[in-house]
Structure formats: C-alpha cells, structure tokens
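1. give me the fold of what follows.
(chains A and B)
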Amino acid sequence: MSRRTRGIVFGAGALGLAALLLWGFGGLPSFGDFQGRYGELLAKSAVPERHATETVAVTTFDYRGFDTLGEEFILFAAAVGVLVLLRIQRGADEIPAEAGKRRPTAHSPALRSVAIAFAGPALVLGLYVVAHGHLTPGGGFQGGVILMTAFLLVYLAGAHLREGGIRPIVAMEVAEATGAAGFTLIGVGGMLLAGAFLENFIGLGTVGSLLSGGDIPLLNVTVGVEVMGALLVVLGELLDQRMLTRGGDS
Amino acid sequence: MSFLPYAVAAWLLLVGLYGVVTSRHLVHLIVCVTVVQASTYVLLLAIGYRSGAAAPIFADIPRSTPVVDPIVATMTLTDVVVEATVAALLLALAVQAHRRFGTLDPDELGAMRG
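-> Coordinates of the predicted model:
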C-alpha cells in the first residue's frame, strides 16, 4: 500500500473514530462532576481500616492487592521477555568487546562529575519515596524508578555495568526475582496468619507514623526492589546491545 | 470548558495513531505508541476529578475533606506500568529487527517479508 493510500485510509478511519469519541465523551459526566460512589467509600474507609493516609496506596495494595500482584508479574514477565529476546541473539553471534578495549561510557568530565554528584541524592530520594509510600504520594513503583535512576547515573559516570567480580546485571536479576517473590510471600503470610491471601497480619500502628499501615510499607519495599531490578535488567540488556554492536562494527 | 480534558485525551489518541501510521522508523513508532497510551492516563484522571476536591491523601487534611477518586489513580498507576513494559518489549523487538534485517523502516521491513 502506498503512503498516499495509507494516509487516505487512515484519515477516513480517524474521522470516524473522532466522531465516535466525541459522541461517547458527550455522554460522560462533565469534567469535575464525577459521581462514582466506590472511590468515595474507599477514601472514607482507608484511614480507619488500614491506618495509612495514602488512599491510592491502600487501594493499590489492599483493596485491589491481588491485581497489583498480577501487575508485578506483568513487569516481571516483560523483563524476562526482553532478556530472552536479546540474549538469544547474543548466543548466535556474540561479539563482546575485550574488557581492556572497553571505553568508559562518558568521555566528558562534566557529565561524569554531574552524574556522580546526583547518584547519591537520587538513591536517598528513591529510598525516601519507597519508605513513605503509605503516608504521602509515592510508593514502590515510583520509588523503584528513582532507585533505578541512581544506578543509571553511576553507569553514565563511566563505571561499566559488567565490570568487576560480581556482574551487577546478575544482582539485578536476583533483585527483580526477590521483589516478586517477596510480594507473593507476604500474600501467603496473610493466608496463613490472617485467613486470606494478602490479608494484613501486621500491627497497624499509629496513623501518620513511618511504621504504620500494616503490611503496606513491606509491600512497597518489595515492589520498589522489583521495579528497580526489572528496569535495570531491561536497560542493562539494551545498553549491552550497544556495546556488542559497537564491538562488532569496529 | 468542562469537556476540554476529554478532548485532550481524544487528541492524544488520534495524533499518536497518526504518528504510528506515518512512522518511518521503529523507535519513532514506539514513541508514538506511548503517546497513544498517554491518552488513557488523561482520560482516567479526568473522569475521576471532582471540582474543588483535594488529592486522596489524608496526611495533612481533615478526613472529611472531599477528595478526587482514588480508584482511577490506581488504574492509572497500573496503566503506566503496562506502558513501560510494552515499550521495553517493543524496543527489544526493534533491536532484533535491526540485527536481522539491517533496517528500522517499517515499510522496508514489510517489503522483506513479502
């Protein structure tokens, strides 16, 4: 199909879709006038029931905790998928650059010093966001991404991901698996100690304190570790591809 | 004005689709897919909004304050995670396509299959 025909076909379809969307959105409650009762109920019951002030976190890890488990495994499966896709290829024509020939990632001293300067604060911020997920906006998903950034900054500063005795990418695979397993084990703990999967079995604590909300902070930590591990595995593999291609091209 | 956020969601969806259809590079195409997905965040959050309501976080507001819907916020979180995984898998596939066929132009890739 030529680009022109494709444009015409798309234009006709897009016009139809736009008309349908306008029609559908016309039936929605006008913006700012949402009348759904379920969210209101959750917002009312979250603090008394879970002693956690972040209703979104309570919804994510308690009211629909089982869905979040599924969500975690989506992430896990995707990271494994990326590993499989990229590693099969590596087995076929592996051309890793010699360790000695590997150039540091960053040649610019400015980039190196800024990246190193931000790595520490990013790590602390990530830990803070994970730890306070049940009190203020944030949590395992958001904090895990910030933690990943801290490690990515170290990479940018020039330390190669695969240098040294322990390959960090293996450590990250372990972190990813530990996070996923931790979430499941906390759920099983609820089944054994409280009678239902993911049911809270830890003291609720005082509203607003760091150690409150029962198992929600623990779940946040497992999700944080998992998200960080999964994203680093994906990024590490993609960056490794760059190294391999470069080794092959030169 | 009250339907503007929905219009933004519809616009993001359509403009993202336009990008997908006219793309000449797989990485560009993947970015367009993420734009399409961004429209769902706008739509979800717009639906749950209540005028004058606070965020559903009771750390420093009285418990009786009206708040926006926390369920759609949770849904959006799931949505973001799914988008990240989809983008990661697509990028890995693009790397594979480039290694196998030596091109990232969707049209040329289609020509090779036939």
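2. now do the helices in the chain.
-> With no chain named, the answer covers chain A. Assigned by DSSP state H, chain A shows helices spanning A:3-26, A:37-50, A:55-58, A:65-92, A:109-131, A:140-156, A:168-194, A:216-249.
3. look at chain B instead
-> B:4-22, B:26-47, B:70-101, B:106-113.
4. starting at the chain centroid, how far to the shortest one?
-> Relative to its parent chain, helix B:106-113 has a centroid offset of 26 Å by CA atoms, centre = their mean, to the nearest Å.
5. just the angle between that helix and helix B:4-22, please?
-> Counting by axes from the mean of the first three to the mean of the last three CA atoms, to 10 degrees, helix B:106-113 lies at 40 degrees to helix B:4-22.
6. buried set for helix B:106-113?
-> Judged by neighbour count (16 or more other CB atoms under 10 Å in any protein chain shown), helix B:106-113 contains these buried residues: B:106, B:109. Where you see a C-beta, it was placed from the backbone N, CA and C, and this is true even at glycine.
7. which residues touch residue A:216?
-> A:50, A:52, A:57, A:58, A:61, A:62, A:133, A:134, A:200 (CB atoms under 8 Å, 6 or more residues apart in numbering or on different chains).
8. count the neighbours of the fifth one for me.
-> With neighbours defined by other CB atoms under 10 Å in any protein chain shown, the count for residue A:61 comes to 32.
9. the third one too?
-> Other residues near residue A:57 number 33, with proximity taken as other CB under 10 Å.
10. mind checking the end-to-end distance for stretch A:130-148?
-> With CA to CA, to the nearest Å applied, stretch A:130-148 spans 12 Å between its terminal residues.
11. any idea of the mean pLDDT for that stretch?
-> On average, the pLDDT along stretch A:130-148 is 92.
12. distance from it to the middle of the chain?
-> Going by CA atoms, centre = their mean, where stretch A:130-148 is centred and where its chain is centred differ by 10 Å.
13. what's that stretch in contact with?
-> The contact list for stretch A:130-148, computed with CB under 8 Å, 6+ apart, reads A:52-54, A:56-58, A:60, A:122-123, A:125-129, A:208, A:210, A:212-213, A:216-217, A:219-228, A:231-232, A:235, B:55, B:57, B:59, B:77, B:80-81.
14. which one is the spatially most central residue of chain B nearest to, not counting chain neighbours?
-> Most central in chain B under CA atoms, centre = their mean is residue B:37, positioned 2.0 Å from the mean C-alpha point. Leaving aside its sequence neighbours, residue B:37 sits nearest to residue B:83 (CB to CB, 6 or more residues apart in numbering or on different chains; 4.5 Å).
15. pretty sure that neighbour sits against residue B:35.
-> No - between residue B:83 and residue B:35 there is no contact under CB atoms under 8 Å: 10.3 Å.
16. could the helices of chain B be laid out in CSV, adding distance to residue A:82 and mean pLDDT?
-> Converted to CSV, the helices of chain B look like this (distance: least, CB to CB, whole Å; pLDDT from 0 to 100):
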stretch, distance to residue A:82, mean pLDDT
helix B:4-22, 21, 92
helix B:26-47, 13, 94
helix B:70-101, 4, 90
helix B:106-113, 20, 74
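17. that's all I had, so thanks and see you.
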